[in-house]
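K.L.:
Have a look; sequence and predicted model below, questions after that.
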Amino acid sequence: MWLGLVFVSLAVSLVLILPSYLVYRIKARDVRTELERSRKLLEADFQSGDVAGETTRAIKNTEELKPFTAKTSVYSLLKIFESKPNTVRISEISFLSQGVEASKLLVRGIAADRESLTSFARALESRPEFGSIDLPVSNFAKERSIDFSMTITIK
């Protein structure tokens, strides 16, 4: 009886695993075929030096794009908003330049008065993430509702 039960369990297991095995064999054959087709295509289109040149060019292009994916860009935006007093409203933040050494942001907005604009600039200068804050004197021409623009250099 036990031997019959073991035999039936084994037979049921084989029947259940057979479709998975067949799918695996078909997929493996498809992958081998696609790999062979890709190899033939590469050999036909590129000479051995061309593949190395294309790879070098692709690496160079990714290196040029690396500063745009820097974590400091989003982190710096958060720090600007943390430093902003309630009397200052930011309307625009633009990346002027991004390089390996330093990035520059242009911040535009409206400040309630000169004191709030000055305190915002000082708060940004005191943060270790920012190198320099360029706040033109022309921003202080009005006493109230000051439209300002400042350039922030990120370390």
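P.N.:
Thanks, I have the structure now.

K.L.:
gap between the helix of greatest length in the chain and the chain center?
P.N.:
Ranked by number of residues, the top helix in the chain under DSSP state H is helix 2-45. Distance of helix 2-45 from the chain centroid (C-alpha atoms, centre = their mean, to the nearest Å) equals 38 Å.

K.L.:
any idea of the mean pLDDT for it?
P.N.:
Helix 2-45 shows an average pLDDT of 89 in the prediction.

K.L.:
How about stretch 56-76?
P.N.:
In the prediction, stretch 56-76 has an average pLDDT of 67.

K.L.:
Helices of this protein, start to end?
P.N.:
Using DSSP H, helices in the chain cover 2-45, 48-65, 71-83, 114-126.

K.L.:
Val107 and Ile152 touch, don't they?
P.N.:
Yes. Applying C-beta atoms under 8 Å as the test, Val107 and Ile152 come out as touching, 6.2 Å apart. Heads up, the C-betas are built off the backbone N, CA and C, glycines and all.

K.L.:
who touches both of these two?
P.N.:
Both Val107 and Ile152 are contacted by Ile80, under the criterion C-beta atoms under 8 Å, 6 or more residues apart in numbering.

K.L.:
Okay, domains of the chain per the record?
P.N.:
The record's domain split for the chain, according to automatic domain parsing, is 2-66, 71-154.

K.L.:
Deepest-packed of the ones you listed, please.
P.N.:
When the domains of the chain are scored by mean count of other C-beta atoms under 10 Å, the highest mean neighbour count falls to domain 71-154 (a mean of 15).

K.L.:
how much space is there between Ala44 and Val31?
P.N.:
Going from Ala44 to Val31 by C-beta to C-beta, to the nearest Å gives 20 Å.

K.L.:
repeat for Phe130
P.N.:
For Phe130, the distance to Val31 equals 51 Å [C-beta to C-beta].

K.L.:
repeat for Asn139
P.N.:
63 Å.

K.L.:
Ile80 now?
P.N.:
49 Å.

K.L.:
same check, this time on Val6
P.N.:
36 Å.

K.L.:
If you drop the residues flanking it in sequence, what lies closest to Leu106?
P.N.:
Closest residue to Leu106 apart from its sequence neighbours, by C-beta to C-beta, 6 or more residues apart in numbering: Ser94 at 4.5 Å.

K.L.:
For the one you found, list the residues it contacts.
P.N.:
Contacts for Ser94 (C-beta under 8 Å, 6+ apart) come out as Leu105, Leu106, Arg108.
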